[in-house]
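[1] task: produce atomic coordinates for the following.
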Amino acid sequence: MADWTTISSLATAGGTLVLAAATYASVRSANRAARVAEQSLLAGLRPLLLAARAEDVIEKVTWVDEHITRVAGGRGAVEEADGVIYLAAGLRNAGAGLAVLHGWHIETEWDPASQQSAPDAERFRRQSRDLYIAPGDSGFWQGAIRDDDDEDRAELHEIVTHPRRFTISLLYGDQEGGQRTITRFIFTPMGDAWLCSAGRHWYLDRAGPR
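    Residues are numbered from 1 along each chain as shown. This is a model prediction of the structure:
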C-alpha cells in the first residue's frame, strides 16, 4: 500500500527543488542582463583621448596671464616666456562619452622601458581649470610651469633650449567622475615644431586594455 504521506513529502521537495533551480536561473539571468546593461551604459559614457588629426582645426589656447598659442592637429607646444613654461597639445576624443581632464604628469627623460607602466595617479598635477572634449570632437590640453622651485623647471627649460623627446600623461574620466583613464602622449621635436602622439592607455577603475 502506497505511503501517501511520503509521496506527498517527496513531491513537495521535488517541487521546491525545481522552483529553487528556476529561481537561481532567473536571478543569474537577471544579474547577467544587469551587467550587460551596466557595461552598455558605461560604454556610452567612456572617453578615449588621442592626438588630434592633422586635418582638425587649429586650437587657440589661452592662459590666465593672457599668453596665447595655437596648436595644429597632431602637434604639441612647448614655449617659454617671461619665466613661465607653457605646454599644450591638440587632442581628439575617439570615445563615446564626454572627456573631462583632471590632471597631468610630465616625464622629462625618455626611457622606452619605463613607458610600459603608468605613473602614480597621486603624482598628477591638477588642472587649474576644467577642460572638456566632446565625443568625436577635437580640443586641447594645456599646462604651465610657473614656480622657480618646481622640480621639473630645470629639465623643461633644457628641453625648450635643446629640444628632445619627452612625455606628458593625462588623467581624465567621464562626466560622472568615473572611468578614470591615463593616456601617455609622446612629444617629439620635428624641426621648429613638436609632434604629439598617443602612446599607452591605462584604466584605473576597471580591467586594462591589455
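[2] ok, the most centrally placed residue in the chain - contacts?
    What sits nearest the mean C-alpha location of the chain, by Cα atoms, centre = their mean, is Thr181, with 2.7 Å. Going by Cβ atoms under 8 Å, 6 or more residues apart in numbering, Thr181 touches Pro47, Leu48, Leu49, Leu171, Tyr172, Gly173, His201, Trp202, Tyr203, Leu204. Quick note: C-beta positions are derived from backbone N, CA and C, even for glycine.
[3] top of these by neighbour count?
    The residue in those with the most neighbours, by other Cβ atoms under 10 Å, is Tyr172 (27 neighbours).
[4] three-state assignment of that residue?
    At Tyr172 the chain is in strand, as set by DSSP: H, G, I helix; E, B strand; the rest coil.
[5] touching, it and Pro47? I think so.
    Yes: taking contacts as Cβ atoms under 8 Å, Tyr172 lies within contact range of Pro47: 6.3 Å.
[6] give me the common contacts of these two.
    Joint contacts of Tyr172 and Pro47 (Cβ under 8 Å, 6+ apart) are Ala99, Val100, Thr181.
[7] among these, which are in helices?
    Secondary structure defined by DSSP state H assigns none of the shared contacts of Tyr172 and Pro47 to helices.
[8] for these, give me a markdown table that also has distance to Gly76 and pLDDT.
    As requested, these are exported to a markdown table (distance: Cβ to Cβ, whole Å; pLDDT from 0 to 100):
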| residue | distance to Gly76 | pLDDT |
| --- | --- | --- |
| Ala99 | 17 | 97 |
| Val100 | 21 | 97 |
| Thr181 | 19 | 97 |
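[9] now those residues in JSON lines, with distance to Gln127?
    Shown next, in JSON lines, are the shared contacts of Tyr172 and Pro47 (distance: Cβ to Cβ, whole Å):
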{"residue": "Ala99", "distance to Gln127": "12"}
{"residue": "Val100", "distance to Gln127": "9"}
{"residue": "Thr181", "distance to Gln127": "15"}
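[10] cross those residues against strands and list the overlap.
    Among the shared contacts of Tyr172 and Pro47, the residues falling in strands (DSSP state E) are Ala99, Val100, Thr181.
[11] so the first one touches Asp130, yeah?
    Right, the one you point to is Ala99. No: under the criterion of Cβ under 8 Å, Ala99 is not in contact with Asp130, lying 11.1 Å apart.
[12] of these two, who's got more company?
    The residue with more neighbours, out of Ala99 and Asp130, is Ala99; 29 against 8, by other Cβ under 10 Å.
[13] excluding its backbone neighbours, what's nearest that one?
    Pro47 (3.4 Å; Cβ to Cβ, 6 or more residues apart in numbering).
[14] please apply the same query to Asp56.
    Gly73 (3.7 Å).
[15] repeat for Tyr203
    Thr181 (5.7 Å).
[16] bridge partners for that neighbour, pull those for me.
    Tyr172, Tyr203 (DSSP bridges).
[17] buried residues in stretch 52-62?
    Ala52, Asp56, Glu59, Val61 (16 or more other Cβ atoms under 10 Å).
[18] give the contact list for the third one.
    Counting by Cβ under 8 Å, 6+ apart, Glu59 touches Ala52, Arg70, Val71, Ala72, Ala88, Gly90, Ser138, Gly139, Phe140.
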